[in-house]
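> Next input, structure requested:
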Amino acid sequence: MVANLASSWLTFSASVAAARAAGRPLVALESTIIAHGMPYPENVRTAREVEAVIRDLGAEPATIALIGGRIRIGLSDEELELIARSDNVHKVSRRDLPAVLASGELGATTVAGTMICAALAGIEVFVTGGIGGVHRGASETFDISADLQELAKTSVAVVCAGAKSILDIGLTLEYLETHGVPVLSCEQDNFAAFYTRDSGFRADFRLDDPVQQARFIRTKWDLGLAGGVVLSTPVPEAAAMPSAEIDAWTTQALEDAAAQGVTGKAVTPFLLSRIKALTGGRSLATNIALIRHNAEVGARLALALAQTR
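Numbering: from 1, shown residues only. Prediction:
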């Protein structure tokens, strides 16, 4: 009954509905990267390119957002433009879903918010840029992303370029381990760090083949082990940024955020915007490259998972 009530809040786009009817696998995409992660018009162009990558590989993209009191699973061109260009789009995580749906206002889903909506829609794979995690200085601020708790409880596979390099990646991985969330890596042994390929921390398991990845994930869920799986894949080497440089820019951005009193859910968008300015736009190019690559990996995983049902 509860699941049926929850699914009544969903509205599927025409293309997503057609894919569901045809039995084609779906890949969820978040909308926060559109509303808060990139400037216009790069956000719209990137969103459409990522959707095209997924379609070209045989799966169907489902970009998720909250519009008019509904959870939209898949966005029309007009809805995508609305999310991309509106000045007042709420950043929606687990705690924000009821408020934004009840008010009918615009909402862009975070990793946690997208996982919840994807699970309601029966979507098993979600592609994002980088997951949230334990922020630097969390021992004082207790600033830990809700993404990590969602990964512990919601059964969706999250394909990402590791965790954002603005975070304390070591503590983020410790948190995931404590909550039993497997961290897989493909294309390298180590966990990725968003702008850079290598965080310096090993993933739990390396699985390069999407069929192997799908078997691992399906086995976990078949055993009744609820919760997500993180699949880390590094940004393409040609687009990666040097670790020393990005660390210096991140430190500067963190100092700027502290000086301006930026806190809570405003921190990540501020840091990404500030790093973009400090790098002269290079970080945005890296961000676009990694999300496109993640989409390729995620589409192949979705196709392989569909074969394991």
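
> in the stretch 1-150 of the chain, which ranges drop under the pLDDT threshold?
Residues of the stretch 1-150 of the chain meeting the criterion pLDDT under 70: 1-4.

> If we use 90, what do you get?
For the stretch 1-150 of the chain, the stretches with pLDDT under 90 are 1-7, 37-39, 135-144.

> Wait, a strand at residue 218?
No. Assessed with DSSP: H, G, I helix; E, B strand; the rest coil, residue 218 is helix; it does not lie in a strand.

> Please enumerate the strands of the stretch 151-300 of the chain.
Assigned by DSSP state E, counting those that start in this stretch, the stretch 151-300 of the chain shows strands spanning 157-160, 183-185, 205-206, 229-232.

> whoops, the stretch 1-150 of the chain was the one
10-12, 26-29, 60-67, 70-73, 90-92, 107-109, 125-127.

> Can you list the helices and strands that the first one packs against?
Read that as strand 10-12. On a contact count with 3 or more CB pairs under 8 Å, 6 or more residues apart in numbering; DSSP states H and E, strand 10-12 meets strand 70-73. The way it works is simple: take the backbone N, C-alpha and C, and place the C-beta from them, glycine included.

> neighbouring contacts of the strand it packs on?
With CB atoms under 8 Å, 6 or more residues apart in numbering as the test, strand 70-73 has contacts from 9-13, 16, 28, 62, 64-66, 79, 101, 117, 120-121, 123.

> Can I get the buried part of the residues you listed as one PyMOL selection?
Restricted to buried positions by 16 or more other CB atoms under 10 Å, the PyMOL selection for the contacts of strand 70-73 reads:
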select buried, resi 10+12+13+16+28+62+64+65+66+79+101+117+120+121+123
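
> rewinding a little: among the strands of the stretch 1-150 of the chain, which comes closest to residue 224?
Closest of these to residue 224 is strand 125-127, at 19.9 Å (criterion: CB to CB).

> now that closest one, how far from the centre of its chain.
Remark: strand 125-127 is offset 7 Å from the chain centroid, using CA atoms, centre = their mean, to the nearest Å.

> ditto for stretch 220-235
14 Å.

> what's the span of it, first residue to last?
In stretch 220-235, first residue to last residue: 27 Å (CA to CA, to the nearest Å).

> Next, the buried residues of it.
Quick answer for stretch 220-235 (16+ other CB under 10 Å): 220-221, 227-235.

> Stretch 109-128 now?
For stretch 109-128, using 16+ other CB under 10 Å, the buried residues are 109-121, 123-128.

> End to end on that stretch, go ahead and measure it.
For stretch 109-128, the first and last residues are 11 Å from each other (CA to CA).

> and the direction of the longest helix seen in the chain versus that of strand 60-67, what angle?
Looking across the chain with DSSP state H, the single longest helix is helix 282-307. Relative orientation of helix 282-307 versus strand 60-67 (axes from the mean of the first three to the mean of the last three CA atoms, to 10 degrees): 120 degrees.

> Can you pick out the most distant pair from the buried residues of stretch 220-235?
Top of the distance list for those (CB to CB): 221 and 235, 28.3 Å.

> that older thread, want to throw the strands of the stretch 1-150 of the chain into CSV with distance to residue 304?
Output for those, formatted as CSV (distance: least, CB to CB, whole Å):
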stretch, distance to residue 304
strand 10-12, 23
strand 26-29, 12
strand 60-67, 15
strand 70-73, 22
strand 90-92, 30
strand 107-109, 25
strand 125-127, 10
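
> Contact partners for the nearest residue to residue 16 once chain neighbours are set aside?
Nearest non-adjacent residue to residue 16, counting by CB to CB, 6 or more residues apart in numbering: residue 74, 3.5 Å away. Residue 74 makes contacts with 12-17, 60-64, as judged by CB under 8 Å, 6+ apart.

> so which two of those are the farthest from each other?
14 and 64, at 15.5 Å, using CB to CB across the contacts of residue 74.

> and the gap between the residue nearest to residue 114 when sequence neighbours are not counted and residue 63?
Nearest residue to residue 114 in three dimensions, chain neighbours excluded: residue 30, at 4.2 Å (CB to CB, 6+ apart). Between residue 30 and residue 63 the computed distance is 8 Å (CB to CB, to the nearest Å).

> buried set for the longest helix of the chain?
In helix 282-307, counting by 16+ other CB under 10 Å, buried: 282-284, 286-306.

> For residue 46, see how far away the closest residue to residue 238 other than its chain neighbours is.
For residue 238, ignoring the flanking residues on the chain, the nearest one in space by CB to CB, 6+ apart is residue 289 at 7.8 Å. Residue 289 is 10 Å from residue 46, where distance means CB to CB.
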